[in-house]
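# The sequence isn't on hand, but the structure is:
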């Protein structure tokens, strides 16, 4: 697809994809920092975004190169999402570490075999223990699978994940963004994204999810990269670590 601005974008059944070969003359990207960097396709899209929106470009100028955070597709990534719901990154990191240390906890069958007191001891609330078991049942029954979700389009995959009790749209969007590395997903219900957008755009108040989705329309078809930049911006402003920060 050639957009009105002359930039080349391609589209597949699972969503928009960018050319893997950046065109000549794109801005240089500093890879001299010791963490994973965006792949070529995402880097091309990133360079388009920062040309289109100087506010996004200013994030890289202030916060430095964008770390490319990913998660392996499947049960652990969605379990990770349940752990992270409605708590700070620091608390989620601690709970995830304890949960991951339990034998079998990152496999559906193994988690179902663990007693509630062990899961509660790792730091999961009673509702999250229940939601983790529902998630494990969904993988055991075949309602969810890494392979099937990977083949679905964005809207279909989000709807399938969000249909499982305890997951919801935010968890589904985070999964598509980090585990499936989709390029046009925007978790508008994320508080950090709203706070970062308000600061970056000089808004008087933090936008609600509906207003934030309207703002994000300008970043199609690479809203996932805009979200990554906004999280990068917020971490830089607040000094708060990401849930999956890399050692440097």
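Okay, I see it. Keep in mind that this is a model prediction, so the values were computed, not measured. Numbers count the residues shown, from 1 in each chain.

# you'd agree residue 237 is up against residue 200?
No. Contact between residue 237 and residue 200 fails when scored by C-beta atoms under 8 Å: they sit 9.4 Å apart. Backbone N, C-alpha and C define where each C-beta goes, glycine included.

# When those two are compared, which one has more neighbours?
residue 200 (19 against 15; other C-beta atoms under 10 Å).

# which other helices and strands contact the helix or strand containing residue 59?
Using DSSP states H and E, residue 59 sits in helix 54-63. Contacts defined by 3 or more C-beta pairs under 8 Å, 6 or more residues apart in numbering; DSSP states H and E place helix 54-63 against helix 40-52, helix 191-201, helix 223-238.

# Give me the next element, helix or strand, following the shortest one.
In other words, helix 191-201. Sequence order places helix 209-216 as the next helix or strand after helix 191-201, per DSSP H and E.

# Out of the helices and strands packed on helix 54-63, which is closest to residue 74?
Closest of the helices and strands packed on helix 54-63 to residue 74 is helix 223-238, at 19.2 Å (criterion: C-beta to C-beta).

# Which other helices and strands does the closest one contact?
Judged by 3+ C-beta pairs under 8 Å, 6+ apart, the packing partners of helix 223-238 are helix 40-52, helix 54-63, helix 168-178, helix 191-201, helix 209-216.

# which residues touch it?
If you take C-beta atoms under 8 Å, 6 or more residues apart in numbering as the criterion, helix 223-238 is touched by 38, 42, 45-46, 49, 53, 56, 59-60, 62-64, 66-67, 69, 176-177, 181-187, 190, 192-193, 195-197, 199-200, 216, 219, 240-242.

# hmm, try it at 7 Å
Residues outside helix 223-238 that contact it (C-beta atoms under 7 Å, 6 or more residues apart in numbering): 42, 45-46, 49, 56, 59, 62-63, 66, 177, 182-187, 192-193, 195-197, 199-200, 216, 219, 242.

# Could I have the buried ones of these as PyMOL selection syntax?
Selection of the buried residues among these in PyMOL, burial being defined by 16 or more other C-beta atoms under 10 Å:
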select buried, resi 42+45+46+49+56+59+63+66+177+182+183+184+185+186+187+192+193+195+196+197+200+216+219
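
# Could you chop the chain up by domain?
1-19+36-69+185-241, 75-178 (automatic domain parsing).

# possible to save the ones you listed as TSV with mean pLDDT?
Formatted as TSV, the domains of the chain follow (pLDDT from 0 to 100):
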stretch	mean pLDDT
domain 1-19+36-69+185-241	85
domain 75-178	96
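
# How many residues are close by the nearest residue in space to residue 187 that is not next to it in sequence?
Distances taken as C-beta to C-beta, 6 or more residues apart in numbering place residue 173 nearest to residue 187, at 4.0 Å, with adjacent residues excluded. By other C-beta under 10 Å, the residues close to residue 173 number 26.
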